[in-house]
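> Generate a structure from the sequence data that follows.
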Amino acid sequence: MIATIIRRAWSEDIEAVCEEVCRLGEASVTAAHWPITAYRAYLASETAEEDTQKKVLFLACARTEPFASSVVSDSDDTPWKHIVGFAAFSAIPGMGECSLENMAVAKPWRKQGIGSRLLSAGLLWCRGHSGSGVCLEVRASNVDAIRLYEWAGFSIAGRRPDYYSGPVEAAIQMKKDLEFPRGGC
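Residues are numbered from 1 along each chain as shown. The predicted structure is shown next:
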């Protein structure tokens with residue numbers, strides 16, 4: 001297994017996000033297929049603090065491309081430049097409402113804990129924005145994602161028939177209450 005890091009996407013990442021994240025989202029059958037312009041709102045910038053709705057994009061980065069056959073050691077100086085997964089979250093401060101808007105991991109990188117690490121980073125971000133709960137929609141056929149969300153403490157809250165297109169499919173609505181530590185830091 002080749003190491004990956006999870007980090008927040010910043011406005012300087014616009015080119016990589018526009019190329020790699022958009023391509024990754026389009027290649028995923030289960031991720032929402034957003035246009036490039038949709039990802040721009042999730043990049044951290046100086047003006048983001050003024051927005052009423054906060055958005056964040058977390059990236060899973062590796063030192064090799066998803067299909068590269070060469071193995072890079074963790075001690076190598078090769079930069080963490082290949083995006084192999086992403087997760088987009090939003091929050092409405094003061095309302096306690098947070099959402100996982102979109103998430104995908106490149107096929108050769110699945111089943112290595114990347115999805116759970118992206119989800120964990122997003123849940124911490126939601127807690128930091130006073131989120132009392134997180135909701136999401138997932139394709140009814142995406143059994144692996146549903147299992148991941150259930151493992152992370154999400155429960156099924158409802159169903160939306162014909163929510164997705166290409167192919168038309170129902171969405172399972174899931175929700176997780178965020179627990180805050182009691183007494184102390």
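
> Counting by contacts, list what the lowest-mean-pLDDT helix or strand in the chain packs against.
Every helix and strand of the chain was ranked by mean pLDDT, DSSP states H and E. The lowest is helix 22-27, at a mean of 72. With contacts taken as 3 or more CB pairs under 8 Å, 6 or more residues apart in numbering; DSSP states H and E, helix 22-27 sits against strand 82-92, strand 97-105. Where you see a C-beta, it was placed from the backbone N, CA and C, and this is true even at glycine.

> who are the neighbours in contact with the residue nearest to the spatial centre of the chain?
In the chain, the centroid-proximal residue (CA atoms, centre = their mean) is Ala87; its distance is 1.2 Å. Residues counted as contacts of Ala87 (CB atoms under 8 Å, 6 or more residues apart in numbering) are 57-58, 100, 102-103, 118-119, 121-122.

> Count the neighbours of Asp162 for me.
9 (other CB atoms under 10 Å).

> Could you measure from it over to Glu137?
12 Å (CB to CB, to the nearest Å).

> likewise Leu178?
Taking CB to CB, one finds Leu178 at 18 Å from Glu137.

> Give me the more crowded residue out of these two.
Taking neighbours as other CB under 10 Å, Leu178 and Glu137 compare with Glu137 leading, 20 against 16.

> If anything else comes up later, I'll come back, but that's it for now.
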